[in-house]
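[1] Pasting the sequence and the predicted model now:
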Amino acid sequence: MHSEQETLKKLQLLPNVGEKTARELLALGIETPEQMFEADPEALFNEQKRRRGGMLDRCVLYQYRGAKYGIPWPKCKDPFIPPK
């Protein structure tokens, strides 16, 4: 079993993920980089937005896309075509 700090540090190994974003991912149920690779960034963004009462900067979606695909968030803006 990993401590919360260990889990946060592992999530911070993902591109675009600092401590705050790692905490937000953990709150959304993402505990490992592998889970992020399998996650739907749009679904994570929409859930976080719902939890915040409908207000969330779209850059968070770009961060999540970049974390999943291993690319810098500025390359994840709309329109976005996931790499193969």
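    Perfect, I can see it now. Numbers count the residues shown, from 1 in each chain.
[2] excluding its backbone neighbours, what's nearest the spatially most central residue of the chain?
    Nearest residue to the geometric centre of the chain (CA atoms, centre = their mean): Y64, 3.3 Å. The shortest distance from Y64 to any non-neighbouring residue, by CB to CB, 6 or more residues apart in numbering, is to P41 (3.7 Å). For glycine as for every other residue, the C-beta is placed from the backbone atoms N, C-alpha and C.
[3] residue contacts, the one you found?
    Residues in contact with P41 (CB atoms under 8 Å, 6 or more residues apart in numbering) are 61, 64-65, 67-68.
[4] Let's see that with 10 Å instead.
    Counting by CB atoms under 10 Å, 6 or more residues apart in numbering, P41 makes contact with 60-69, 76, 80, 82.
[5] mind checking how far the residue nearest to the centre of the chain is from E19?
    Distance of Y64 to E19, given as CB to CB, to the nearest Å: 16 Å.
[6] likewise R58?
    Shown here: R58 relative to E19, a distance of 21 Å by CB to CB.
[7] And the strands in this structure, which stretches?
    Under the criterion DSSP state E, the chain contains no strands.
[8] quick one, helices of it?
    Applying DSSP state H to the chain gives helices spanning 4-11, 19-27, 33-38, 41-51, 59-69.
[9] Tell me which of these sits most buried.
    helix 59-69 (a mean of 22; mean count of other CB atoms under 10 Å).
[10] Can you list the helices and strands that that one packs against?
    helix 19-27, helix 33-38, helix 41-51 (3 or more CB pairs under 10 Å, 6 or more residues apart in numbering; DSSP states H and E).
[11] picking up where we left off before, as TSV, the contacts of P41 with pLDDT and distance to K49 would be great.
    Converted to TSV, those look like this (pLDDT from 0 to 100; distance: CB to CB, whole Å):
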residue	pLDDT	distance to K49
V60	97	8
L61	98	9
Y62	98	14
Q63	97	13
Y64	98	11
R65	98	15
G66	97	18
A67	97	17
K68	97	17
Y69	97	20
C76	95	17
F80	94	17
P82	92	20
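[12] That'll do, ta.
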